[in-house]
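Participant: What follows is a predicted structure for the sequence shown.
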Amino acid sequence: MSESQSDKHRFLCRLVWTGAARGSTTSYEGYSREYRVDIEGKPSLRGSAAPVFRGDPTLHDPEDLLVAALSACHCLSYLALCARAGVHVVTYEDETDGTMAKVDGVVRFTEVTLHPKVTIAPGSDPEKARALHERAHAICFIANSVNFPVRNKPTITAGAPV
């Protein structure tokens, strides 16, 4: 983050429980878990609870979004570091795995593991590319905000020139 950027940022959203249109919460089994997230200037996001919690399996759930946020934050941090360090990234894909479990009577995330697969251009240093994953993890805003381990198991491949 450059020195000209503020040290404090706000992110606003509005969540509307859209499931109310199907009825109120008269029973745990019967109410809809659907919601909509509105963020000014962006398309609305429809969501629901995870299927294991009686949600709609065709909609994004908060657990999906948390895992995706960790993956995306790491990706963007990594790409920024690579651009500054002269590592030319050609492709980046990640298969992220989040685990929830009951711990001391509370269901929570216990870990998330990122598996980024990165292709770098010939001439880029694979060891530097690997080391930048560690630095990206250290500066990832989302990973720094959670109370469970976020592991990173990158694969670096030299590929075609850009």
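Facilitator: Cool, the structure landed.

Participant: so what's residue 89 closest to, chain neighbours aside?
Facilitator: Using Cβ to Cβ, 6 or more residues apart in numbering and skipping the chain neighbours, the partner closest in space to residue 89 is residue 82 (5.0 Å). (Each C-beta comes from the backbone N, C-alpha and C, glycine too.)

Participant: my read: that neighbour touches residue 132, true?
Facilitator: Yes: in this structure, residue 82 is within contact of residue 132 by Cβ atoms under 8 Å, at 5.8 Å.

Participant: What are the boundaries of the helices in this protein?
Facilitator: 62-85, 126-139 (DSSP state H).

Participant: looking at those, which is closest to residue 106?
Facilitator: Residue 106 lies closest, by Cβ to Cβ, to one member of these: helix 62-85, at 14.7 Å.

Participant: Chain neighbours aside, what residue packs nearest to the spatially most central residue of the chain?
Facilitator: Central residue of the chain (Cα atoms, centre = their mean): residue 69, 1.9 Å from the mean position. Leaving aside its sequence neighbours, residue 69 sits nearest to residue 142 (Cβ to Cβ, 6+ apart; 4.9 Å).

Participant: which residues touch the residue nearest to residue 24 when sequence neighbours are not counted?
Facilitator: Nearest non-adjacent residue to residue 24, counting by Cβ to Cβ, 6+ apart: residue 31, 6.9 Å away. Residues near residue 31 by Cβ atoms under 8 Å, 6 or more residues apart in numbering: 19, 22, 23, 24, 25.

Participant: Now do the longest strand anywhere in the chain: which elements does it pack against?
Facilitator: Taking DSSP state E as the criterion, the chain has its longest strand at strand 106-114. Where contact means 3 or more Cβ pairs under 8 Å, 6 or more residues apart in numbering; DSSP states H and E, strand 106-114 is packed against helix 62-85, strand 97-103, strand 150-152.
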